[in-house]
Each structure stands twice: as C-alpha cells, then as structure tokens.
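Undergrad: structure of the sequence below:
(one chain, ligands or ions: 1)
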Amino acid sequence: MDAITTAKKAAGEKAASLVHPGMLVGLGTGSTAYWAIKKIGEMVKEGLNIQAVATSLASEKQARELGIPITSFSEIQQLDIDIDGADEVSEDLQIIKGGGGSLLREKIVALASRKRIIVADERKYVKTLGKFPLPLEIVPFGWELVFKTLQTLQGVPTLRTKDDQPYITDNGNYIIDCSFGVIKDPVQLHQQLKMITGIVETGLFLNLQPTVIIAYENGEIKAI
Ligand SMILES: O=C(CO)[C@H](O)[C@H](O)COP(=O)(O)O
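TA: Numbers count the residues shown, from 1 in each chain. Take a look at the predicted model:
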C-alpha cells in the first residue's frame, strides 16, 4: 500500500472509532470514506448496532455488502454523525467536495447530521480554496446555458465526462467542474452560483463546523 493510501486508511479508521452503539451514521463517498465504511463494517460484524444512510449508490453497495444496516430519510429525521471525504479543506475549515460526483447527496446528509467528520490526507489541506475546480451538479436540460453563464462569471468550466459521454450523477444530473482561481469569498461565490437556474448544488460545503481528521504520509494524524 502506498503512503497516501495508508494515510487515507488511517484517517478513515480514526473516524470510524467515533461511531458508537445506537448511532445513526452518514456514510460518505470516495477512496478515503471507503476505509471508514470498511472499518465500520468490521465493527458491525463484531456486534456494533447502528443504522446508516449512504451518500452514493457506490457507498450503499459497499455498506450492504459489509452487512451495515441501511435506512433512509423516510424512517429518520437526523443523523448523529457523518463521515465523508473532501477535495480541499482550507485553514478556516471551508470545504470543496464533489470530486467523486456525489456532492448533492453528500450535502443533504451533512446538513442532516449533528456531527460532521471530514477525513482527508494531507494533500487536501490548503491555505485557501480554489486549486481544485469546483464541482457543480446541474440539470442536463440547457446545461450549455449554465456553462456560458459560468464563463461570464470568469469561471473556466468543463463538463465532466465518462467514456466520452457526460458523467451522470446518482440523481440523473450532470457535473460541471469550474475553476475560479483562488476563491477569496466562498460564501459569496456559493450564493451567486445557487442563483443560476439549472445549478442544483455547488461543491462548496461552508460553515458546517466539521471536525477534520488529516492523516499525514509520515503516519501522524491531526484532528482540527
Ligand atoms: O466529495 C467526494 C465525492 O463526491 C469525495 O469525498 C471527495 O472527492 C474525496 O474523495 P477521495 O477521498 O477519493 O479523495
């Protein structure tokens, strides 16, 4: 296992240790959240009694295969804890997510959780947001208009593709990844983008007061 994968595993397992009996748990998406879900699966096999909501079909599949009981918002109102990855975390704990295309479900789950744990390797921890192009979930109809509007806002948009076709989210939408350079005012940018009809959600996860678990390649783990 390479050093970055080892760091992701360490961050994920550290977060899993915060899951206690009886909790309702949000399961994130991506290669770091994967390790948290794997560890939680082991804990369930050893008798831990929890229920979970997954932020993507992929994570739900992983959880079901591991025997983690899955529930839904038709059964519950709130989650106790959400464990998810990030693409960038700034020093003031603002976050970009959506690299894996699950930002809409991830945000719904994060907002429904009392406690939010972000797991990341050291490369994700940055001074200011913006190097990672901001993922935006958009409805397919008229996506070209959203694309052009983003250009007028000095953004550099790219329609995400998979096998030369538009990438389709679990919600049947498209993703545009849009670079804005250094994001000086993420709240203002998020609000501006949410005003554009056709943009369903942005990958800016702001003012969520997360606990961020950063794992370093040298084996150190810091909770911020
Ligand atoms: O937001 C996400 C998926 O939509 C992921 O949490 C984010 O992309 C981080 O993924 P990874 O841990 O694989 O780097």
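Undergrad: when you work out contacts or count neighbours from here on, use the C-alpha atoms and nothing else.
TA: Noted.
Undergrad: what about the closest residue to residue 3 other than its chain neighbours, helix or strand, and which?
TA: In space, and not counting its chain neighbours, residue 3 is closest to residue 217: 5.4 Å by CA to CA, 6 or more residues apart in numbering. Using DSSP states H and E, residue 217 sits within no helix or strand.
Undergrad: correct me, but residue 217 touches residue 120?
TA: No - using CA atoms under 8 Å as the test, residue 217 is too far from residue 120 to be in contact (11.3 Å).
Undergrad: which SS class is the nearest residue to residue 189 once chain neighbours are set aside?
TA: The shortest distance from residue 189 to any non-neighbouring residue, by CA to CA, 6+ apart, is to residue 183 (7.8 Å). With DSSP: H, G, I helix; E, B strand; the rest coil as the basis, residue 183 sits in coil.
Undergrad: so for residue 183, what's the pLDDT?
TA: For residue 183, the pLDDT comes out at 98.
Undergrad: and for residue 60?
TA: So, for residue 60, pLDDT stands at 98.
Undergrad: could you confirm it falls within a helix?
TA: Yes - per three-state DSSP, residue 60 lies within a helix segment.
Undergrad: burial of it, as a residue count?
TA: Applying other CA atoms under 10 Å, we find 21 other residues in the vicinity of residue 60.
Undergrad: domains of this protein?
TA: For the chain, automatic domain parsing gives the domain ranges 3-126+207-217, 134-203.
Undergrad: for the longest one, measure first residue to last.
TA: Counting by CA to CA, to the nearest Å, the length from the leading to the trailing residue of domain 3-126+207-217 is 5 Å.
Undergrad: over to the last one?
TA: End-to-end distance of domain 134-203 (CA to CA): 6 Å.
Undergrad: what about it, near the ligand?
TA: No - under the criterion of CA under 6 Å from any ligand atom, domain 134-203 makes no contact with the ligand; the nearest approach is 7.7 Å.
Undergrad: what of stretch 78-86?
TA: Yes - using CA under 6 Å from any ligand atom, we find that stretch 78-86 touches the ligand at 84-86.
Undergrad: narrow those to those in helices?
TA: The members of those all map outside helices under DSSP state H.
Undergrad: and residue 172, how far is that from the ligand?
TA: 14 Å (CA to the nearest ligand atom, to the nearest Å).
Undergrad: report pLDDT for that residue.
TA: 98.
Undergrad: repeat for residue 198
TA: Note for residue 198: predicted pLDDT of 98.
Undergrad: which residues does it contact?
TA: Taking CA atoms under 8 Å, 6 or more residues apart in numbering as the criterion, residue 198 is in contact with 138-139, 141-143, 146.
Undergrad: cool, residue 4 as well?
TA: The neighbourhood of residue 4, defined by CA under 8 Å, 6+ apart, consists of 121, 216-217.
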